[in-house]
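Enquirer: The following block contains a protein sequence and its predicted model.
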Amino acid sequence: MLSIAIPIAFALVGTAFTLTLWRLLIGPSVPDRILALDTLAVNAIALLVLFGIAQDSAVYFEAAILIALMGFVGTVALCKYLLRGDIIE
Amino acid sequence: MNLLLCVITPFLGAALVAAVARLGTWQAAAAAAGVTLAAGAWLAPLVGGTFQGTTLIERYTWMPREGLDLTFRLDGFGLLFALMILGIGLLVILYARWYFSPQDRLGRFYTGMMLFMGSMLGVVLSENLIQLLIFWELTSLSSFLLISYWQQRTEARQGARMALTVTGMGGLALLGGILLLGQITGSYDLSVVLAAGDQVRAHPLYLPTLLLILLGAFTKSAQFPFHFWLPNAMAAPTPVSAYLHSATMVKAGVFLLARLFPTLSGTPEWTWIVSLTGLTTLLIGAVFALFKHDLKGLLAYSTISHLGLITLLFGLGTPLAALAGVFHIINHATFKASLFMAAGIIDHETGTRDMRRINGMWGVMPYTATLAMVAAAAMAGVPLFNGFLSKEMFFTETLGTVAQLRFGWLLPLTAIVAGIFAVAYSLRFIHDVFFNGAPIDLPRTPHEPSRWMRLPVEVLVALCLLVGMLPALTVEPLLAIAARGVLQGPLPPHSIAIWHGFTPALWMSLIALTGGVLVYEGRRPLFALAARLEGRLEARRPYDWLVAGVFGVARWVTVRLDLASLQRMLFLFVLSALALGMAGFWSAPMPLTGAGPLLPFDPVSLLVALGLAACTASVVVLHRSRLIALILLGAVGLIVSLIFAKFSAPDLALTQLSVEVVTIVLLLLALYFLPQSTPAESSRPRQVRDLLLALAAGGGNAALAWAVLTRPAESIADWFLTHSLPGGGGANVVNVILVDFRGFDTLGEITVLALAGLGIYAMLDGLRLPAPAADAQGRAWDPDAHPLIMASLVRLLLPLALLVAVYILLRGHQLPGGGFIAGLVTAVALIMQYLANGVAWTRARLPANLHPLIAAGLLIATMTGLGSLALGYPFLTSSFVHFHWALVGDFELASAMAFDLGVYLVVVGATLLILIHLGLVHDLSRPPAEEPR
Amino acid sequence: MEALLALMIGLLTAAGVYLLLRARTFPVVLGLSLLSYAVNLFLFAMGRLQIGRPPIVTATAAGYTDPLPQALVLTAIVIGFAMTAFVIMLALKARAELGNDHVDGLHEPEVRDTDS
């Protein structure tokens, strides 16, 4: 069952990854790109979790958690920069 | 043990003296004297044995494989020098207490003097030659500090620099000589070297060895043509000159000549080089001394002349000449030290050292005048004073060469001429200063100095007289053991007495005395001639040219290497690296692709790789829009961490992710003060050129990576993998390597991190930068500094993130994680509070000063290491225990985890320090009108 | 797969070197970051590539990848951050002292309008 589901999931996440990447590269506005980076982080989480399932290993899940945390922080910092320029004030 | 303690005591005492000197001048002097006496006290119990002829050797193993041991040696010759160093040192300490004015900081003088004393004791008490050289260099360094004591004076700085340069170069040559000597004899131990004289002299490398060692000795002892540094070093305070330039430092050179006398002497090379150098120096010093108007200048050239005399005696190579050399070392030290002190008294009282102005001092200070006269008589070689005895031995020895060498008659002749001038300048020192009419325009009104200032001179002058009149009772035993130490064998038959009958030597002495008086009587035309030649015969000219030449060459090279453009230098740097890499490829004739097993492709990896390629290329293409390039850089970092995860490196993936975010925050903080876009400045050919170089570098790296990746691995990893759990108590091998196996490296790395943080903190101090008033598109900044939703959400995030951090820290030893990652996560969580809630809000809740955090981290890490040291294990040995914790389950506590805690604290502290203080620059830079609400 | 990683290392190097040769400080810092990615990946690759074999000792593992390059690279990443911070601080200091952000710091002061 899993041997069918995982390739399909990989294919779907891969597609999402590609599309997000496309948005990141062409923009056009800066918020577009920030949003794309945030989404790219989500895709990366999905890829890692899928990879962990495929490998039957839990070692990669912390990395997924950390991507979630760090992706959020990065997005906040970039947005704050857009709004105020000065991010620590 | 005693010898080691004797040498070390002055070094330790230097710190004590520096501390005590704050209390006052008396205390400083007392502490310095106490240290000197303590050093002497270690030596005292050994004196008896040395007089019976034993040679004491103390050995402490240090680096036995390199032939380097801490080895000390005490024989008669070493004892003689140690007594001079300590005895005259004690007198100089007392003298200096009165010499310096209240404005001078005596603590610095006494500290420097203690350092010098320790170095000098090290030189004379070393058995190992390398160790001797180390102390030798220390004397150069500490004498630099002493000569430049009045560092506000130009001539003091110049004199000190010149002395250091000349003796330092000599030290370098000496190092070469000693290494050669070690190669020839197979040992650096003096005992071995002294016993291997025949082997050394027969060796093909004898001449270079001899030349190098002589260079060291001649520069130190101010022999022609290196003598010029000594008169220039007279810018030193007089106590320094009395100590360094009469009894100790300059004697180190002749000490070395005497010490290696059994090994190196006895060949024609030795005789010719050493005696000719000594002879030239003897004559030049004596002649120049007469024409110096500066009191200390006269004494300096006289010292050069006497050092030449001693060198000449050792150069003659006979045992009796060596004995005379040792005797003159003793005599010169006593009368010259007292003369320097007398000159210092006169300088101190009159305020000048110019003999043309100081006249008629007999009427003002008859007591000092009497002392100076006795010392000067000894210097001139007048009978009944100690200088006479050794000078007569010297004359006898010069006569002995007449029959042996061609032009041998030149030697006694030159000796007589030098003797005549010695008498003349001694006469001048006395007559010009104490008589010769009335003083001219003195800066101060002179009178007899303090009783205590005269005491050291009295002691030395008494010695001159005692030795001069009763040599057999006073100096004979010491001289005998010292000379035996030099010769390493039985003494030649000799008799030291005032009266030997009307020998040729006595006639030579009488000629010198009469001639000296005559020359001084007829001095006026000679002085006129000297005034006309003034400055023409300066031996420092070549030195100045040499120094200027070296600076010129350095500047020439610098100008050619430093292109003053980072771009051009980086281009050349990458180009050279590329060329070297290519050369490596070409010179190794093997296929690019190895025979190792390869992993199969999979479509997801291909996709991710394409994503990485696209993002990387876009960073380059879009780099002019800086914010966009930064966002893309973030994507690159994210994908790199995915690569780490994919190829079995979860720790690296975690680290990369955390660092990525911290870097983005950092660059955003910096970008605020920088232009938002990069102007298109590079010309098209320039861009193409850079692109070609970049592609070549990238191609080279790719080829190299491919070549390695396709070859089977040979690694030392197995050892780590098998020992990690049983030896380090951790299943996560990467973490165990970091905190246990290679813990020392990690300690170094967190120290670097802490230093970088502190360095940035220092750089940010007082930095003011213009802050933009609007964003890149010219829109005004959003007025809401801390949006409510963001602030609330981020506050919620804090406990969550801290929980993750603690979790990652604790489990790091067993599963992916550890101090580095946990530290970064914590730093990010805390930074978020600054970011979303503002500095004021966060500062009210968190300690603002991060330096204690960093310090605590380093301290914990170091203490963990020291803890294992205290238990008798090597530094940073880990130990661990298993125990059961309620709720948590089986838990393992390793001492390496405490180390990891240290790592954690340093990473948190340094990261926060960098980011927060960069953030604070913003507040400082903001115009006051636009205060944040 | 090895070819893919080698290509990525090459590409990151090329991009890093190109940006390193730019005339303004910020692109140089970006180039330095890219270059350190390349170097870290390169060092990491010295242990060869293994999939699903993290160096975490367990009873059932089929094998482990080389932990040593990982330990090296881990500290290299952190030190790399410190270095980036130091360089960007130098850039800011140069900007404060010289009034522009040219790497050689000796070109004409920039026009204020263009940078904000």
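Expert: Looks like it came in fine.

Enquirer: Could you check how far the helix or strand of chain A with the lowest mean pLDDT is from the centre of its chain?
Expert: None of the helices or strands of chain A scores lower by mean pLDDT, DSSP states H and E than helix A:61-84, at a mean of 89. Its chain's average C-alpha position is 10 Å from that of helix A:61-84, according to C-alpha atoms, centre = their mean, to the nearest Å.

Enquirer: same question, stretch B:766-785
Expert: Stretch B:766-785 has its C-alpha centroid displaced from the chain centroid by 50 Å (C-alpha atoms, centre = their mean).

Enquirer: From start to finish, how long is that stretch in a straight line?
Expert: The distance separating the two terminal residues of stretch B:766-785, taken as C-alpha to C-alpha, to the nearest Å, comes to 24 Å.

Enquirer: Now that stretch: buried residues?
Expert: The neighbour-count criterion (16 or more other C-beta atoms under 10 Å in any protein chain shown) identifies B:767, B:769, B:771-772, B:775-776, B:781, B:785 as the buried residues of stretch B:766-785. (Glycine included, C-beta is placed from N, CA and C.)

Enquirer: filter the residues you listed by proximity to chain C?
Expert: Among the buried residues of stretch B:766-785, the ones lying close to chain C by the criterion of C-beta under 8 Å from any C-beta of the partner chain are B:767, B:769, B:772, B:776.

Enquirer: Which member of the residues you listed is positioned nearest B:Phe385?
Expert: Within these, the smallest distance to B:Phe385 is 70.4 Å, found for B:Leu767 (C-beta to C-beta).

Enquirer: didn't that closest one look like it was pressed against C:Leu92?
Expert: Yes - at 6.8 Å, B:Leu767 counts as touching C:Leu92 under the criterion of C-beta atoms under 8 Å.

Enquirer: What about the residue of chain A found nearest chain B, how many residues nearby?
Expert: Across chain A, no residue is closer to chain B than A:Ile88, which sits at 2.8 Å (C-beta to the nearest C-beta). Neighbours of A:Ile88 under the rule other C-beta atoms under 10 Å in any protein chain shown: 26.

Enquirer: Surely it is in a strand?
Expert: No - judged by DSSP: H, G, I helix; E, B strand; the rest coil, A:Ile88 forms no part of a strand; its state is coil.

Enquirer: If you drop the residues flanking it in sequence, what lies closest to it?
Expert: When the adjacent residues along the chain are set aside, A:Ile88 lies closest to B:Gly919, with 2.8 Å between them (C-beta to C-beta, 6 or more residues apart in numbering or on different chains).

Enquirer: on that earlier part again, mind checking the backbone torsions on the residue of chain A closest to chain B?
Expert: Its backbone dihedrals place A:Ile88 at phi -120, psi 110, with angles given as degrees, to the nearest 10.

Enquirer: for chain C, which spans come out with low pLDDT?
Expert: For chain C, residues meeting the criterion pLDDT under 70 lie at C:106-116.

Enquirer: what sits against the residue nearest to A:Ile88?
Expert: With contacts defined as C-beta atoms under 8 Å, 6 or more residues apart in numbering or on different chains, B:Gly919 is in contact with A:86-89, B:669, B:834, B:839.

Enquirer: Show me which of those is closest to C:Ala82.
Expert: Within the set of the contacts of B:Gly919, B:Leu669 lies nearest C:Ala82; the separation is 15.1 Å, counting by C-beta to C-beta.

Enquirer: The closest one - how many residues pack around it?
Expert: The number of residues packed near B:Leu669 is 26, by other C-beta under 10 Å.

Enquirer: Mind checking which of the buried residues of stretch B:766-785 land in helices?
Expert: Residues from the buried residues of stretch B:766-785 lying in helices, with DSSP state H as the criterion: none.

Enquirer: In CSV, list those residues along with pLDDT and distance to B:Thr311.
Expert: Formatted as CSV, the entries for those read as follows, by pLDDT from 0 to 100; distance: C-beta to C-beta, whole Å:
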residue, pLDDT, distance to B:Thr311
B:Leu767, 81, 60
B:Leu769, 81, 65
B:Ala771, 78, 72
B:Pro772, 80, 74
B:Asp775, 77, 80
B:Ala776, 74, 78
B:Trp781, 82, 81
B:Ala785, 79, 81
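
Enquirer: wait, which of those residues is closest to B:Ala156?
Expert: For B:Ala156, the closest of the buried residues of stretch B:766-785 turns out to be B:Leu767, at 38.4 Å, with distances computed as C-beta to C-beta.

Enquirer: coming back round to it: can you tell me how far the residue of chain A closest to chain B sits from B:Thr663?
Expert: Separation of A:Ile88 from B:Thr663 (C-beta to C-beta, to the nearest Å) stands at 15 Å.

Enquirer: Could you do B:Leu797 as well?
Expert: B:Leu797 sits at a distance of 20 Å from B:Thr663 (criterion: C-beta to C-beta).

Enquirer: next one: B:Leu810
Expert: With distances defined as C-beta to C-beta, the gap from B:Leu810 to B:Thr663 amounts to 26 Å.

Enquirer: So for the two, which residue has more residues nearby?
Expert: Under the criterion of other C-beta under 10 Å, the comparison of B:Leu810 against B:Thr663 puts B:Thr663 first, with 24 against 19.

Enquirer: And the pLDDT at that one?
Expert: According to the predicted model, the pLDDT of B:Thr663 comes to 93.

Enquirer: just checking, what packs against the strand or helix carrying it?
Expert: In the assignment (DSSP states H and E), B:Thr663 maps to helix B:650-671. The criterion is 3 or more C-beta pairs under 8 Å, 6 or more residues apart in numbering or on different chains; DSSP states H and E, and the helices and strands that helix B:650-671 contacts are helix A:61-84, helix B:626-646, helix B:819-837, helix B:895-925, helix C:25-45, helix C:67-98.
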